[in-house]
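*Asks:* show me how the following folds:
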Amino acid sequence: MRKSGFTLIELLVVIAIIALLMSIVTPSLRKAKQAARLMLCANNQHQTLLGVLGYSSSNDGILPPHPAERIDGSFSVVNYLNYHQGTTAVQNAKHQGMHYYLGSYLPRVDVFICPLGRTRDYSELQRQYVDYKTSGEGTLTSYNLYWGGIQFTTSEGLKFTGPRGKADSKTTATLLVSDSIFKWPGAPNDWWLAHQPAKGTGQYQDYQWDPRFGNYCATFWIYNPDISMMPADGKLSAEMAEMNLNAGYVDGSVRRYNGNEVKWTADRMYYVPELWR
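*Replies:* This is a model prediction of the structure:
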């Protein structure tokens with residue numbers, strides 16, 4: 001009489017079937033998880049829009065100033081929540097940090113950070129967001145913030161001016177916020193991305209903490225592509241061009257775009273959605 005139970009061959013067949021099913025299901029689950037986080041990212045941007053527009057409604061239609069504006073009217077990095085608030089450089093900042101203007105509308109720093117980024121320490125970023133004067137040189141977010149008149153020139157020679165509010169939409173951008181694609185000038189081969197790109201020829205740099213600037217590095221994927229694989233015309237590499245991204249506008253809408261649908265600045269420092277005004 002045959003004993004009950006599996007033979008070795010039957011067990012191996014079952015394991016092989018399970019492995020095959022996992023190989024099919026796992027990528028689908030990963031994509032579903034990423035899609036869900038992309039929706040959370042869009043919700044963050046929508047909440048940011050509500051806060052900025054709420055401020056505008058309470059301030060005669062004027063949008064908040066940008067903390068990255070310097071005394072001379074030029075601008076620093078578009079990702080800043082707080083700019084140069086250290087004791088030796090506070091005189092360079094024309095405005096207060098973002099919490100000063102939007103804290104009553106957007107009390108949590110989380111809405112400025114993409115869930116597809118690498119952020120680990122929200123509590124430290126929250127401290128920097130609120131207590132900007134003692135948070136170091138500055139605090140960045142994984143989103144580009146365009147309101148307050150921030151300016152740069154696109155590769156086509158067009159002048160980008162962030163919206164200030166009131167009836168200036170004919171002369172300024174209608175774009176208020178977008179996922180960040182940012183080429184860090186201090187490290188020519190580093191790209192700071194709100195989302196992780198497809199695995200390609202690049203490598204990831206793990207900047208968890210930079211004592212010069214604060215803890216904001218952990219909000220980005222610091223990506224170092226193979227420069228020889230980058231298109232010469234300033235377009236993104238193939239793996240970065242595959243990213244799905246979000247952007248929010250003055251009408252309160254959040255729209256989806258990808259890395260093929262971007263314009264870049266003349267210095268190739270920022271990449272913004274083609275639809276920006």
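*Asks:* use CA for all of it now, contacts and neighbours both
*Replies:* Will do.
*Asks:* quick check: which element contains residue 182?
*Replies:* When elements are assigned from DSSP states H and E, residue 182 belongs to strand 181-183.
*Asks:* for that strand, name the packing helices and strands.
*Replies:* Here strand 181-183 touches strand 191-193, strand 271-273, going by 3 or more CA pairs under 8 Å, 6 or more residues apart in numbering; DSSP states H and E.
*Asks:* give me the residues contacting the first one.
*Replies:* Which is strand 191-193. 117, 142, 179-184, 220-225 (CA atoms under 8 Å, 6 or more residues apart in numbering).
*Asks:* for PyMOL, what selects the buried ones among those residues?
*Replies:* Restricted to buried positions by 16 or more other CA atoms under 10 Å, the PyMOL selection for the contacts of strand 191-193 reads:
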select buried, resi 117+142+179+180+181+182+183+184+220+221+222+223+224+225
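*Asks:* helix, strand, or coil at residue 110?
*Replies:* Of the three states, residue 110 takes helix according to DSSP: H, G, I helix; E, B strand; the rest coil.
*Asks:* just checking, it touches residue 123?
*Replies:* No - judged on CA atoms under 8 Å, residue 110 makes no contact with residue 123 at a distance of 9.7 Å.
*Asks:* more neighbours: which of the two?
*Replies:* Under the criterion of other CA atoms under 10 Å, the comparison of residue 110 against residue 123 puts residue 110 first, with 17 against 12.
*Asks:* so, low pLDDT: which residues of the stretch 51-200 of the chain?
*Replies:* Scanning the stretch 51-200 of the chain for pLDDT under 70 picks out 84-91, 134-137, 167-171, 186, 188.
*Asks:* again, only using 80
*Replies:* Applying pLDDT under 80 to the stretch 51-200 of the chain flags the ranges 84-92, 119-121, 132-138, 166-171, 184-189, 199.
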